[in-house]
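Peer 1: coordinates only, sequence not included:
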């Protein structure tokens, strides 16, 4: 327990350094939305740190390090391609408008430090995996498979959305094919599975409390920065979205409600 907490506390240092670097870049670019690119890199930094500082990296730690490497690089590259030259996301633009003048300073606390702390808490299973000398191979294998499935699901959903944005002809068109036929946010569902998978990989009677990580991620995706925030006014901007809501599950992939 003490070793886990020591390693976990150490992992906050690289996360904080990256958050500060992200703040400098985003302030220079006047685009706080670029912090989204930093989020997966925060978790990668935590994963590498706990692996390097662990006295003995077992199977669970190695599996988690490889998985977080795949997840973070894939997501960071995807977000960089989408966001680097795009205008500031309307969610962050609204925060900027509410906090001017001086947003460049307040954003350090309310955006960058906050995300650094959240990423640090979410990284708990990575510290648990790095300090787990023994574990149930079957359970760990199931966790790794769950994380891989979630990673693939998220990647496919992101690819389908990117293709749709390039092909759509009117602003009110709604993506309702592929994985998006069964869930309005399949990318978030995949992200959720990734972090439940990481938790299961390192799950043991001694580390059960690290379940706070996937629980926090689930709440963030459903109630804070994910589904609820994105859909707050989307019906006003896209008239066709109301019909999409009526027939499509918000999060869990389910058959469309009007299916015969």
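Peer 2: On my side now, so go ahead. Small disclaimer: the values here were computed from a predicted structure and weren't measured.
Peer 1: ok, then the element right after the least confident helix or strand in the chain by mean pLDDT?
Peer 2: Across the helices and strands of the chain, mean pLDDT, DSSP states H and E gives its lowest value to helix 234-237, namely a mean of 72. Next helix or strand after helix 234-237 toward the C-terminus (DSSP states H and E): helix 241-247.
Peer 1: May I have the predicted confidence score for residue 2?
Peer 2: pLDDT recorded at residue 2 is 60.
Peer 1: Give me the below-cutoff pLDDT ranges for this protein.
Peer 2: 1-2, 133-135, 235-236, 259-260 (pLDDT under 70).
Peer 1: And the residue nearest the centre of it?
Peer 2: Geometric centre of the chain, nearest residue: residue 191, 5.7 Å, by Cα atoms, centre = their mean.
Peer 1: which residues touch the residue nearest to that one when sequence neighbours are not counted?
Peer 2: Take residue 191 and drop its neighbours on the chain: the residue closest to it by Cβ to Cβ, 6 or more residues apart in numbering is residue 154, 5.4 Å away. Where you see a C-beta, it was placed from the backbone N, CA and C, and this is true even at glycine. Counting by Cβ atoms under 8 Å, 6 or more residues apart in numbering, residue 154 touches 75, 186-187, 189-191, 194.
Peer 1: and if we set it to 6 Å?
Peer 2: 187, 190-191 (Cβ atoms under 6 Å, 6 or more residues apart in numbering).
Peer 1: ranges for the helices of the stretch 51-200 of the chain?
Peer 2: Taking DSSP state H, counting those that start in this stretch to define them, one finds helices in the stretch 51-200 of the chain at 59-83, 90-99, 103-107, 114-122, 124-130, 137-167, 186-201.
Peer 1: Just name the most buried of those helices.
Peer 2: Greatest average neighbour count among these goes to helix 124-130 (a mean of 31), per mean count of other Cβ atoms under 10 Å.
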